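Enquirer: Sequence plus the predicted model coming up.
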Amino acid sequence: MSERPALLLLALPLLALLAAPAMGDTPGSVQAKNNMAEGKALFEQICAACHMADARGSGDGAIPSLASDANLADPAYPVGVVMNGKGAMPPFAELLTPAQVGAAITYVRTHFGNDYPQPVTEADVRKLAQP
């Protein structure tokens, strides 16, 4: 029976961490940094195939540039495009999770000459992607 109190003492710090409020996707948080790494990987693996590694698109307008793109200021625009597709861009709603979409959009919004530091979260994508 003496093992139970010792186990409880070991479990208390874990329970405290689980009960603590999450830092969320605030800029600079560990979660935001992890999402940025995932967003970069997704951009490089999927988006760069068409938008190019420098995010400047095809140059002829067929594939738009994402670099210094004012359309990215409002997260609703890129969420709608990524989830539903537009023009030559296919919809990714069935291929990527809302968390992945948020990570990729956050990465693009903070790189390639874009300066929109507020992360796009999974909850944002779920809310903004509704028809």
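Expert: Yep, it's here.
Enquirer: Could you work out the end-to-end span of stretch 101-117 for me?
Expert: End-to-end distance of stretch 101-117: 16 Å, with C-alpha to C-alpha, to the nearest Å as the criterion.
Enquirer: Make residue 1 into 58 and carry on from there
Expert: OK, 58 is where the count begins now, so the last one is stretch 158-174.
Enquirer: quick check, distance from that stretch to the centre of its chain.
Expert: 8 Å (C-alpha atoms, centre = their mean, to the nearest Å).
Enquirer: what do you get for stretch 109-118?
Expert: Worked out by C-alpha atoms, centre = their mean, stretch 109-118 lies 21 Å from the chain centre.
Enquirer: So which bits of that stretch are buried?
Expert: Within stretch 109-118, the residues scored as buried using 16 or more other C-beta atoms under 10 Å are 109, 112-114. C-beta here means a position set from N, CA and C on the backbone, and glycine is covered the same way.
Enquirer: Would you mind pulling the contact partners of that stretch?
Expert: Residues outside stretch 109-118 that contact it (C-beta atoms under 8 Å, 6 or more residues apart in numbering): 100-101, 104-105, 107-108, 120-124, 165, 168-169.
Enquirer: Just the CA coordinates for that stretch, please, in CSV.
Expert: Written as CSV, here are the backbone C-alpha positions of stretch 109-118 (Å, rounded to 0.1, in the frame of the first residue of the first chain):
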residue,chain,number,x,y,z
MET,A,109,7.8,27.3,-56.3
ALA,A,110,10.3,27.2,-53.5
ASP,A,111,10.4,31.0,-53.3
ALA,A,112,6.6,31.2,-53.3
ARG,A,113,6.6,33.4,-56.4
GLY,A,114,4.4,31.2,-58.5
SER,A,115,4.7,30.5,-62.2
GLY,A,116,5.5,34.1,-63.2
ASP,A,117,2.8,34.1,-65.9
GLY,A,118,-0.1,34.5,-63.5
